[in-house]
Structures are given as C-alpha cells and as structure tokens.
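Visitor: fold the stuff below for me.
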Amino acid sequence: MNRLRPTIDLSYGDQEVLQRVLAEPRRIADALAPDDARQHSRIIGVLEEVATAFAEVFFQVVEQLPDPEPEQTQEQGRGMSR
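Guide: This next block holds a predicted model:
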C-alpha cells in the first residue's frame, strides 16, 4: 500500500464542493462504473479513504483558527457608540 500526503490549496467554496463529492461515493461510482462491480467497489473505497483523510485534516485546520472577536468588540473598533 502506498501512503499519499498531498497538499491542496482550496478556497472555502472549493472545500464545500470537495466535501459534497466525498459525501456521495456511491453516486460517483454509479456515474463512473455503472456496469463494473469491481471498479464500482474500488471507487467507493478510494473516495471513502480520501473523505476520512480530508475530515481529519479539516478538523486540525479548524482547531488552529483564531477565535472570532465578540460582536461588541467589533462594534467598538468601528467607532460606534451608544
């Protein structure tokens, strides 16, 4: 077995598209190999592996993001007063 560790730079929208594709491995396999059970199974397996790896990395990235500023702090920074 070969272990691949690609690096992909994706915008938020691209990440959403990738998540949608990886969430439907059977539909992708149906489209690519409707009459070949072996290929169908392999496609599903590969997409499930990619989905698992992507999910692990996605959660690591989200955990490293800075906490958003509270709404009041943002309003004060804009010079809004009450």
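
Visitor: quick one, phi/psi of the residue nearest to Leu10 when sequence neighbours are not counted?
Guide: With Cβ to Cβ, 6 or more residues apart in numbering as the criterion, Leu10 has its nearest non-adjacent residue at 6.5 Å, and that residue is Leu18. C-betas here are computed from N, CA, C, even on glycine. Note on Leu18: its backbone torsions stand at phi -60, psi -40 [degrees, to the nearest 10].

Visitor: which intervals of this structure have sub-threshold pLDDT?
Guide: 59-82 (pLDDT under 70).

Visitor: which one's the longest helix in it?
Guide: In the chain, taking DSSP state H as the definition, the longest helix is helix 37-64.

Visitor: CA atoms only for stretch 8-25, dumped as CSV, please.
Guide: What follows is stretch 8-25, C-alpha atoms only, in CSV (Å, rounded to 0.1, in the frame of the first residue of the first chain):
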residue,chain,number,x,y,z
ILE,A,8,-4.2,21.1,-1.7
ASP,A,9,-4.9,24.8,-1.5
LEU,A,10,-8.6,25.2,-1.7
SER,A,11,-10.9,28.2,-1.2
TYR,A,12,-13.8,27.8,1.2
GLY,A,13,-16.1,27.2,-1.8
ASP,A,14,-13.8,24.6,-3.2
GLN,A,15,-13.7,22.8,0.1
GLU,A,16,-17.5,22.7,0.1
VAL,A,17,-17.5,21.2,-3.3
LEU,A,18,-15.0,18.6,-2.3
GLN,A,19,-17.0,17.7,0.8
ARG,A,20,-20.1,17.3,-1.4
VAL,A,21,-18.3,15.0,-3.8
LEU,A,22,-16.7,12.9,-1.0
ALA,A,23,-20.1,12.6,0.8
GLU,A,24,-21.6,10.7,-2.2
PRO,A,25,-19.1,8.0,-3.1
